[in-house]
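Colleague: Need coordinates for the following:
(one chain, ligands or ions: 2)
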Amino acid sequence: MQYPHDGRIHVGVFSRGSMVDYRITVLPGDGTGREVMTEAARILDAISESTNLGFEQTIIQCGGQHYLETGQVWAEGSYAVCRDESDAILLGAIGWPGAKLENGDMAGGEVILGLRSGLDLYANVRPIKLYEGVKHKIHGNFSQQWAPDKVDLVVLRENTEGLYHSLLHRSAASAQGLAEYEPPELEFPGLHGEVAWDPRPISKFGSHRLIETGFRLAGRRNGNPDGETVVHCVDKSNVTRGCQLFRKTFDEVALTHPEIKAEHAYIDAFTMWLVRNPEWFDVVVTTNMFGDIVTDLGSVLQGGMGMAASANVGDEHGMFEPVHGSAPKYAGQNKVNPIASILSVQQMLGWLGRRKNDEALNNASRVVDQAVAEHLSEGKQVTYDLGGSATTEAVGVAIAARVKAILSEQ
Ligand code: IPM
Ligand code: MN
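Modeller: Numbering: from 1, shown residues only. Ligands and ions are numbered 1, 2, ... in the order given. Next up is the predicted model:
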């Protein structure tokens, strides 16, 4: 299926049987985001074709590239579609060279950050799992530095405050047509000349709900590769007040989950331990910018950004996206790895399944994971980032076929 790029909202209905069960809004965004979302949609189609689940896909073109092409980040009314007419949102990638708004903010921030903030998607859930058969490139050569059973953790990044707070609020205000948000002005003793700054507010409320989500997730998992159920609080509380509040809140939440081990780590030391001993980690909770940075680092342990999936979830809404960006260098070349997007679909199905109490969705989520795992462990076609030369489409088609095959055998 090809997505049209003309700035209007396009609706595609793909359903089997007489009912459309779930409304999925697809935001392809910029560059390779468009290609990987085609493969994500292919997985949904495969599920619809082999089960009674029906997905209505509303495709909305958006992002920086779209802004340069049309003068608009997305069509009028798009935010309301995401808020009011979506059971879940799938996002490709946002960000395009040279695409800036008049105020200097990235064009497309309204989409990714506007939705994270506006829909209160406070937990950015980023699994770091090394599938069997995946080679990664720590030393510049493809090798298997860690056995697959050494890397299986989830980082929960706070998604609505911290160092992103101002931009999140400007983006959400713009998405909702509200007045532009500006942080307060301050004087900084000892600094001279032009100064730019970003406040980093951290609230107890925001920390609490993220950390609580982390402990609940740990309770559903089987522990770290060493078999230990543990939540790590990753912060810089030896330096910043925001992190002190984050850690204090963590300690309070930990007391209410006595069956789960609670540990602390400073972010600087954590980056070292993550690379050296990934098997120590099960669930990690951290603040916004730290989570942004360590999940790019962590992706190397799972085969790179082409493997890193994520969920942005709140109490009412969910948006699912690969962690990677729009990769302008590879855009339009049918080259990048669609697995991060396919695993984002897998997270979406699991989240929707739990939320709607729908065992068919839970099963579809497990099947997508199984299809990816089998594809990789059997050494089937992979893209350049995993040492292969397959196209985006070839990998997507093969995994979709496997999803269908597994579902029809059930
Ligand atoms: C991510 C991205 C975004 C972020 C950018 C595109 C604003 O890097 O999802 O990690 O910084 O959160
Ligand atoms: Mn990032």
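Colleague: Could you check the pLDDT of the residue of the stretch 51-200 of the chain found nearest ligand 1?
Modeller: Minimum separation of the stretch 51-200 of the chain from ligand 1 (Cβ to the nearest ligand atom) falls at residue 95, amounting to 4.9 Å. In this view, the C-beta of every residue, glycine as well, is placed from N, C-alpha and C. According to the prediction, residue 95 has pLDDT 97.
Colleague: That one and residue 30 touch, don't they?
Modeller: Yes. The pair residue 95 / residue 30 is scored as a contact, 5.9 Å apart, by Cβ atoms under 8 Å.
Colleague: one step back: give the contact list for the residue of the stretch 51-200 of the chain closest to ligand 1.
Modeller: 30, 31, 63, 64, 106, 108, 325, 326 (Cβ atoms under 8 Å, 6 or more residues apart in numbering).
Colleague: Now tabulate those residues in JSON lines and tack on distance to ligand 1, secondary structure and neighbour count.
Modeller: Listed next are the contacts of residue 95 as JSON lines, based on distance: Cβ to the nearest ligand atom, whole Å; DSSP: H, G, I helix; E, B strand; the rest coil; neighbours: other Cβ atoms under 10 Å:
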{"residue": "30", "distance to ligand 1": "10", "secondary structure": "coil", "neighbour count": "28"}
{"residue": "31", "distance to ligand 1": "12", "secondary structure": "coil", "neighbour count": "27"}
{"residue": "63", "distance to ligand 1": "10", "secondary structure": "coil", "neighbour count": "32"}
{"residue": "64", "distance to ligand 1": "10", "secondary structure": "helix", "neighbour count": "27"}
{"residue": "106", "distance to ligand 1": "7", "secondary structure": "strand", "neighbour count": "20"}
{"residue": "108", "distance to ligand 1": "8", "secondary structure": "coil", "neighbour count": "30"}
{"residue": "325", "distance to ligand 1": "6", "secondary structure": "coil", "neighbour count": "18"}
{"residue": "326", "distance to ligand 1": "9", "secondary structure": "coil", "neighbour count": "27"}
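Colleague: sorry, back to before: now for residue 95 and residue 30: what residues contact both?
Modeller: Contacts common to residue 95 and residue 30, judged by Cβ under 8 Å, 6+ apart, are 63, 64, 108, 326.
Colleague: Does the last one touch residue 32 like I think?
Modeller: Yes. The pair residue 326 and residue 32 passes the contact test of Cβ under 8 Å, sitting 5.8 Å apart.
Colleague: Going by secondary structure, the residue of the stretch 51-200 of the chain closest to ligand 1 is in what exactly?
Modeller: Counting by DSSP states H and E, no helix or strand carries residue 95.
Colleague: How about the residues of the stretch 251-400 of the chain by ligand 1?
Modeller: 292, 323 (Cβ under 6 Å from any ligand atom).
Colleague: Most proximal residue of the stretch 251-400 of the chain with respect to ligand 1?
Modeller: For the stretch 251-400 of the chain, Cβ to the nearest ligand atom, closest residue to ligand 1: residue 292, 4.7 Å.
Colleague: tally of neighbours for the nearest residue to that residue once chain neighbours are set aside?
Modeller: Residue nearest to residue 292 in three dimensions, not counting chain neighbours: residue 157, with 6.5 Å by Cβ to Cβ, 6 or more residues apart in numbering. By other Cβ atoms under 10 Å, the residues close to residue 157 number 27.
Colleague: shouldn't residue 157 be in contact with residue 288?
Modeller: Yes. Contact between residue 157 and residue 288 holds when scored by Cβ under 8 Å: they sit 6.2 Å apart.
Colleague: which residues sit against stretch 350-369?
Modeller: Here stretch 350-369 has contacts from 21-22, 43, 47, 51-53, 87-88, 311, 313, 318, 320, 342-343, 345-347, 349, 399, 403, 406-407, 410, using Cβ under 8 Å, 6+ apart.
Colleague: wait, is residue 354 part of a helix?
Modeller: Yes. If the criterion is DSSP: H, G, I helix; E, B strand; the rest coil, then residue 354 is within a helix.
Colleague: any idea of the pLDDT on it?
Modeller: So residue 354 comes in at 96 (pLDDT).
Colleague: before we move on, what about the one 5 residues further on?
Modeller: With respect to pLDDT, residue 359 scores 97.
Colleague: cool, residue 138 as well?
Modeller: The model's pLDDT for residue 138 equals 77.
Colleague: tell me the SS of it?
Modeller: Residue 138 - assigned by three-state DSSP - is coil.
Colleague: That one touches residue 300, doesn't it?
Modeller: Yes. Applying Cβ under 8 Å, one finds residue 138 in contact with residue 300, separated by 6.3 Å.
Colleague: Please say which of these two ends up with more neighbours.
Modeller: Neighbours were counted for residue 138 and for residue 300 using other Cβ under 10 Å; residue 300 has more, 18 against 13.
Colleague: Quick one: residues contacting the more buried one.
Modeller: Contacts of residue 300 by Cβ under 8 Å, 6+ apart are 136, 137, 138, 275.
Colleague: Run a quick neighbour tally on residue 149.
Modeller: For residue 149, using other Cβ under 10 Å, the count is 11.
Colleague: Skip the chain neighbours and tell me the closest residue to it.
Modeller: According to Cβ to Cβ, 6+ apart, the nearest residue to residue 149 is residue 225 (5.3 Å).
Colleague: Hmm, that neighbour is touching residue 152, no?
Modeller: Yes. With contacts counted by Cβ under 8 Å, residue 225 reaches residue 152, the gap being 5.5 Å.
Colleague: follow-up on the earlier one: just the buried residues out of the contacts of residue 300, in ChimeraX syntax.
Modeller: Here is the ChimeraX selection string for the buried members of the contacts of residue 300, based on 16 or more other Cβ atoms under 10 Å:
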select :136
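Colleague: Show the secondary-structure elements that the helix or strand the residue of the stretch 251-400 of the chain closest to ligand 1 falls within is packed against.
Modeller: Taking DSSP H and E as the criterion, residue 292 maps to helix 288-299. Counting contacts by 3 or more Cβ pairs under 8 Å, 6 or more residues apart in numbering; DSSP states H and E, helix 288-299 packs against strand 123-129, strand 152-158, strand 230-235, helix 267-276.
Colleague: and it, which residues are buried?
Modeller: 288, 289, 290, 291, 292, 294, 295, 298, 299.
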